[in-house]
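>>> for reference, the sequence and a predicted model appear below.
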Amino acid sequence: MRLHFIAIGGSAMHSLAIALQEKGDQISGSDDEIFDPSRSTLEAHQLLPDKYGWFPEKITPDIDAVILGMHAKADNPELIKAKELRLKIFSYPEFLYEHSKEKTRVVIGGSHGKTSITAMILHVLHYHQRDVDYMLGAQIDNFENSVHLTTNNDFILLEGDEYLSSALDPRPKFHLYQPNIALLSGIAWDHINVFPTFENYLKQFELFLESMTNGSTLVYNAEDEDVTQLAKEATKPTRKHTYGTPEFSIVDGETYIETPEGDLALEIFGKHNLQNLAGAKWICQHMGIDEDDFYEAIASFKGASKRLELMHRSAEVVVYKDYAHSPSKVQATTEAVKKQYPNRNLIACLELHTYSSLNSEFLDEYNATLDAADEAIVFFSPKAVEIKRLALLSKEAILAKFQREDLKVFTSAEDLKTYLNTRQYNQDVLLMMSSGHYGGFDFEKFSEAHS
């Protein structure tokens with residue numbers, strides 16, 4: 001097929017473009033700006049546009065379909081031309097469904113944990129040399145691309161994002177996949193720019209369960225009350241399996257879970273990650289991996305990119321970075337690290353970067369989320385607040401929202417980096433949490449200085 005991508009530089013879009021080219025399709029694309037790592041990856045696969053911008057002349061009648069990214073607006077010149085020519089236009093999730101209509105669709109949904117669960121499942125399948133189609137939201141070890149599509153595989157594994165599909169389609173992405181097998185990990189209000197109330201946000205997960213095929217299978221986290229209620233009311237799935245936190249212990253900084261064959265040492269840690277593991281085990285069993293084989297494989301899983309990723313370890317300080325940004329993720333990650341290192345001083349640093357986290361009203365949700373840390377730091381850029389056209393935030397407002405008197409608040413990235421790079425460390429753990437760029441903190445230089 002000949003396919004054209006409008007906004008090819010997106011993190012998901014460029015991965016899909018590469019996957020389709022590897023499958024044998026002819027790919028072209030446009031974007032008005034592309035940043036690394038997308039830029040370098042597209043260039044390596046000879047898919048980087050010659051010029052940045054939108055060029056209606058690229059849209060010709062011989063194109064089989066146009067794939068529209070979230071970055072493109074409704075008045076995009078290429079989109080207008082595609083409509084004039086009456087070409088098939090798909091959003092990213094619409095195209096994935098079109099590709100997988102004849103496959104068994106396995107969709108991992110939830111406000112948190114979906115990338116980690118999807119990555120765990122892929123790790124186990126890869127370990128046992130089981131090839132499946134897949135799409136996930138982060139890079140993981142041993143996988144060059146986060147999207148893989150074939151004509152032959154029976155299963156496709158999809159990370160089910162609840163954010164909107166495209167400028168033409170305001171439905172959440174995971175409403176379009178119609179899963180045969182689905183997992184729901186947990187629900188915690190997010191994306192308030194799209195879902196202004198928790199009730200509205202919760203409704204999206206109800207609709208997700210209604211979108212499942214008749215006679216489908218649902219796996220869900222029984223430790224989440226909202227998930228449990230929705231799962232009990234769901235009528236499409238005829239088989240429902242619950243999971244929760246497995247029994248575990250922490251010995252000398254290493255986490256072990258109980259299995260039928262005895263205690264198993266893991267590379268990952270944290271209650272939320274152990275819940276994710278329990279959910280992944282159920283899904284793997286439905287995909288043909290028995291319990292013993294699952295445990296054999298999961299022992300070597302080190303985590304998805306930016307999910308409690310170990311960046312540095314020395315006698316002075318251990319450093320992790322994590323994608324945590326929503327309140328529930330921030331609290332779970334902070335508590336997990338403190339439990340893993342109970343005798344070390346935990347310094348938790350959170351960058352407020354998303355629209356929700358920089359919204360004064362939503363900031364109330366962050367109350368007590370950093371309480372497990374011995375020292376807590378919050379950084380935000382006034383420029384980011386301005387770009388998102390939100391009301392200005394003050395340091396005093398942040399202190400009031402987090403309800404922690406000793407909280408350190410930085411509004412200058414340089415001041416934050418100076419503080420972190422020059423302070424004295426002694427048996428500390430530094431946890432950096434952000435969906436952005438950690439205020440420009442250079443992990444490599446930090447490691448060189450503290451090795």
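Okay, I see it.
>>> can you give me how far stretch 218-236 is from the chain middle?
Relative to its chain's centre, stretch 218-236 lies at 21 Å (CA atoms, centre = their mean, to the nearest Å).
>>> contact partners of that stretch?
110, 181-187, 202, 205-206, 209-216, 237, 239-245, 275, 279, 282-283, 286 (CB atoms under 8 Å, 6 or more residues apart in numbering). Using the backbone N, CA and C atoms, a C-beta is placed for each residue, glycine as well.
>>> mean confidence for that stretch?
The average pLDDT within stretch 218-236 is 97.
>>> circling back: ChimeraX command for the buried members of the contacts of stretch 218-236?
To isolate the buried ones among the contacts of stretch 218-236 in ChimeraX, judged by 16 or more other CB atoms under 10 Å, type:
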select :110,181,182,183,184,185,186,187,202,205,209,211,212,216,237,241,242,243,245,275,279,282,283,286
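>>> quick one: residues contacting Arg313.
Counting by CB under 8 Å, 6+ apart, Arg313 touches Val319.
>>> what are the bridge partners for it, then?
Note on Arg313: beta-bridge partners Val318, judged by DSSP bridges.
>>> mind listing what's buried in the helix or strand of the chain with the lowest mean pLDDT?
Lowest on mean pLDDT, DSSP states H and E among the helices and strands of the chain sits helix 382-387, with a mean of 84. By 16+ other CB under 10 Å, the buried positions in helix 382-387 come out as 384-385.
>>> which SSE is immediately downstream of the helix or strand where Val409 lies?
Per DSSP states H and E: Val409 is located in strand 408-410. Helices and strands here follow DSSP H and E; after strand 408-410, the next one along the chain is helix 413-422.
>>> now do the helix or strand following that next one: distance to the chain's middle.
Going down the chain from helix 413-422, the next helix or strand is strand 428-433, by DSSP H and E. From the chain centre to the centre of strand 428-433 is a distance of 20 Å (CA atoms, centre = their mean).
>>> got a list of contacts for strand 428-433?
For strand 428-433, using CB under 8 Å, 6+ apart, the contacting residues are 311, 316-325, 329-330, 333-334, 337, 341, 344-351, 373, 420, 438, 441, 443.
>>> what packs against the following helix or strand past that strand?
Following strand 428-433 in sequence order, the next helix or strand is helix 443-449 (DSSP H and E). With contacts taken as 3 or more CB pairs under 8 Å, 6 or more residues apart in numbering; DSSP states H and E, helix 443-449 sits against strand 309-313, strand 317-322, helix 413-422.
>>> low-confidence regions, this protein specifically.
Within the chain, the ranges that satisfy pLDDT under 70 run 141.
>>> give me the domain ranges for it.
As given by automatic domain parsing, the domain ranges for the chain are 2-87, 94-298, 309-449.
>>> quick one: the longest one to chain centroid distance?
Using CA atoms, centre = their mean, the distance from the centre of domain 94-298 to the centre of the chain it belongs to is 11 Å.
>>> residue ranges of the strands in the stretch 251-400 of the chain, please?
Applying DSSP state E, counting those that start in this stretch to the stretch 251-400 of the chain gives strands spanning 254-259, 262-265, 309-313, 317-322, 345-352, 375-380.
>>> closest to Arg171 out of those strands?
Arg171 lies closest to strand 345-352 among the strands of the stretch 251-400 of the chain, at 28.1 Å (CB to CB).
>>> partners of that closest one, with directions?
In the sheet, strand 345-352 lines up with strand 375-380 (parallel), strand 428-433 (parallel) (DSSP bridges).
>>> can you lay out those strands as a markdown table showing distance to Ala304 and mean neighbour count?
Listed next are those as a markdown table, based on distance: least, CB to CB, whole Å; neighbours: other CB atoms under 10 Å:
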| stretch | distance to Ala304 | mean neighbour count |
| --- | --- | --- |
| strand 375-380 | 24 | 23 |
| strand 428-433 | 15 | 24 |
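>>> can you list the ones you listed in TSV and add distance to Asp32?
Listed next are those as TSV, based on distance: least, CB to CB, whole Å:
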stretch	distance to Asp32
strand 375-380	27
strand 428-433	30
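>>> can you tell me which of those comes nearest to Leu42?
Here strand 428-433 is closest among the strands paired with strand 345-352 (CB to CB), at 28.0 Å.
>>> what's the helix or strand for Lys203?
helix 198-210.
>>> return the distance of stretch 91-98 from the chain's centre.
Mean-position distance between stretch 91-98 and its chain equals 18 Å (CA atoms, centre = their mean).
>>> got the buried residues for that stretch?
Across stretch 91-98, burial judged by 16+ other CB under 10 Å covers 91-97.
>>> what's the helix or strand for Ile123?
You called it Ile, but residue 123 is His. For His123, the element it lies in under DSSP H and E is helix 114-127.
>>> who are the packing partners of the following helix or strand past that helix?
On the C-terminal side of helix 114-127, the closest following helix or strand by DSSP H and E is strand 133-135. When contacts are defined as 3+ CB pairs under 8 Å, 6+ apart, strand 133-135 sits against helix 11-23, helix 92-100, strand 147-148, strand 155-160.
>>> and the nearest residue to Tyr366 once chain neighbours are set aside, how many neighbours does it have?
For Tyr366, ignoring the flanking residues on the chain, the nearest one in space by CB to CB, 6 or more residues apart in numbering is Pro327 at 5.1 Å. A count of nearby residues for Pro327, using other CB atoms under 10 Å, gives 21.
>>> swap in Tyr256?
Tyr256: 15 neighbours (other CB under 10 Å).
>>> wait, it sits on Leu266?
Yes - applying CB atoms under 8 Å, one finds Tyr256 in contact with Leu266, separated by 7.0 Å.
>>> overlap in contacts, the two.
By CB under 8 Å, 6+ apart, no residue touches both Tyr256 and Leu266.
>>> what residue in the chain is the furthest from its centre?
Residue farthest from the centre of the chain, counting by CA atoms, centre = their mean, is Pro61 at 36.2 Å.
>>> leaving out sequence neighbours, find the closest residue to that residue.
That would be Leu85: by CB to CB, 6+ apart, it lies 5.7 Å from Pro61.
>>> now do the same contact list for the one you found.
59-61.
>>> over to Ile298?
Counting by CB under 8 Å, 6+ apart, Ile298 has contacts 120, 123-124, 266, 277, 280-281.
>>> count of residues packed around Asp252?
Neighbours of Asp252 (other CB under 10 Å): 4.
>>> scratch that, Asp263 is what I was asking about
By the criterion of other CB under 10 Å, Asp263 has 14 neighbours.
>>> so it versus Tyr341, what's the distance?
Between Asp263 and Tyr341 the computed distance is 20 Å (CB to CB, to the nearest Å).
>>> cool, Ile398 as well?
Applying CB to CB to Ile398 and Tyr341 gives a distance of 26 Å.
>>> try Lys83
Distance from Lys83 to Tyr341, by CB to CB: 56 Å.
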